[in-house]
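kindly generate the corresponding structure for this input.
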Amino acid sequence: MQPITLPVTLLTGFLGAGKTTLLNHFLQQPQAGAVAIVENEFGPVNIDGALLEARDNVSIVELSNGCLCCNVRGEFTAALHDLLDKRAEGALSFDRLVVETTGLADPAPVIQSFFVDDRLRESLQLDAVVTLANAQHIHRQLDEHPVAVSQIGFADRILVTHGDQVEPQERDAVMARLNRINPRAAIYQVTNGVCPAALWLDLAAFTLSDDATLQRGFFIARPQVSEEVSFQPLSRPRATRHWDDAISSLVLEAGWLDLHRAGEFMNWCVENWGADMLRYKGVLAVVGKPERLVVQGIHSVVGFDYGSPWRESETASSRLVIIGRNLPTEDIRQRFMAACA
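A predicted model of the protein is given here:
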């Protein structure tokens, strides 16, 4: 019998993005259930933890005097072990875990901790990285702070706040830039933290799946009107400014691939550029295999599995999306194409 793993949501975003506001809205909902929250602040006093409007069904662990990305092997991992111990002893009861990082934290080492620590890997299932971005300030933050770009690059879902407080042209420019950095993440515009939990919880983003969809627009959530969201296609901003972000996406597309050469390509990528590949996911068509080959990775941690079979009515194709930092895109593209059958 497989042990039950608890879902973990990593909530990130630069300073002032609205993470605590989102959490407070969620905690007031009846469907919040029993949840444990790990709060982190850069400094000796955790302000955000004191701002959470927690009920009896919420357990809060506060980490101070440093960001998670610097203490992932120490205080953070120890705190998660302590939570699991208390849950096993019956001292705490929770069915999910939300980790809210400081706005200055790089998500990479936090994410990796759930894969390199044996107990965390067996007891916790990282569900998704959810990144918040303040539409009023995100352009400047991306220009000035590399960690802000990293937070967008690692995201499985991006929630844009204060989009209703900027001009539509500026909002569209924000959405276009976020999509350029990370076309794999669905983008939602939310207001005042009022966001249905289904839009950022239980996304199963770290489960190998056949979905390699690229986003071509963003969604506007208006839960005060209805639970539905409206889709807005990306428009070309009128401004001529070009953003040369160090982190960007590389989309590789081809037909059938040779399994051996595709494996050599992935090994080459991981060995040479693993430190610079934030997230990558693909669905590959492999000669001699009726099923899709699904690949997903973070830096040098990569997983493969076969998914659903190709249907006779569809054209089998390969697509790999790599979100990385200063990657040699043409060299990678040529080596990928060399794996074609």
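
which stretches of the stretch 1-150 of the chain have low pLDDT?
Residues of the stretch 1-150 of the chain that meet the criterion pLDDT under 70 lie in 1-4, 41-57, 63-74.

all helices for it, in order.
For the stretch 1-150 of the chain, applying DSSP state H, counting those that start in this stretch gives helices covering 19-27, 47-51, 68-71, 77-89, 107-116, 118-123, 138-144, 146-153.

tell me which residues touch residue 216, please.
Going by Cβ atoms under 8 Å, 6 or more residues apart in numbering, residue 216 touches 233, 234. Any C-beta I mention is one placed from the backbone N, CA and C, and that applies to glycine too.

tell me which of the helices of the stretch 1-150 of the chain is the most buried.
Of all the helices of the stretch 1-150 of the chain, helix 146-153 has the most neighbours on average by mean count of other Cβ atoms under 10 Å, namely a mean of 24.

for that one, packing partners?
With contacts defined as 3 or more Cβ pairs under 8 Å, 6 or more residues apart in numbering; DSSP states H and E, the packing partners of helix 146-153 are helix 107-116, strand 124-134, helix 138-144, helix 168-181, strand 247-254, strand 277-286, strand 318-325.

could you point out the helix or strand that follows the longest one?
Of the helices and strands lying after helix 168-181 in sequence (DSSP states H and E), the nearest is strand 186-189.

CA atoms only: put that next one into PDB for me.
Extracted C-alpha coordinates of strand 186-189, given in PDB (Å, rounded to 0.1, in the frame of the first residue of the first chain):
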ATOM      1  CA  ALA A 186      -1.200  29.900 -17.000                       C
ATOM      2  CA  ILE A 187      -1.600  33.600 -16.000                       C
ATOM      3  CA  TYR A 188      -4.600  34.800 -14.000                       C
ATOM      4  CA  GLN A 189      -5.400  38.400 -13.100                       C
END
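
and that strand, how far out from the chain middle?
12 Å (Cα atoms, centre = their mean, to the nearest Å).

so what strands line up beside whichever helix or strand comes after it?
Downstream of strand 186-189, the next assigned helix or strand under DSSP H and E is strand 217-221. Its sheet considered, strand 217-221 pairs with strand 186-189 (parallel), strand 229-233 (antiparallel) by DSSP bridges.

tell me the most buried of those?
The most buried one of these (mean count of other Cβ under 10 Å) is strand 186-189, showing a mean of 22.

tell me the mean pLDDT for it?
Throughout strand 186-189, pLDDT has a mean value of 95.

of the helices and strands packed on helix 146-153, give the one that comes closest to residue 84.
When the helices and strands packed on helix 146-153 are compared by Cβ to Cβ, strand 124-134 sits nearest residue 84, at 7.9 Å.

quick one on the thing from earlier: including distance to residue 277, could the strands paired with strand 217-221 go into a markdown table?
Formatted as a markdown table, the strands paired with strand 217-221 follow (distance: least, Cβ to Cβ, whole Å):
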| stretch | distance to residue 277 |
| --- | --- |
| strand 186-189 | 21 |
| strand 229-233 | 29 |
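
just checking, next helix/strand downstream of the helix or strand containing residue 294?
Element membership of residue 294, judged by DSSP H and E, is strand 291-298. Sequence-wise, the next helix or strand downstream of strand 291-298 (DSSP H and E) is strand 301-309.

burial check on the closest residue to residue 206 other than its chain neighbours, number of neighbours?
Once flanking residues are discounted, residue 206 sits nearest to residue 126: 4.9 Å by Cβ to Cβ, 6 or more residues apart in numbering. Residue 126 has 25 neighbouring residues, counting by other Cβ atoms under 10 Å.
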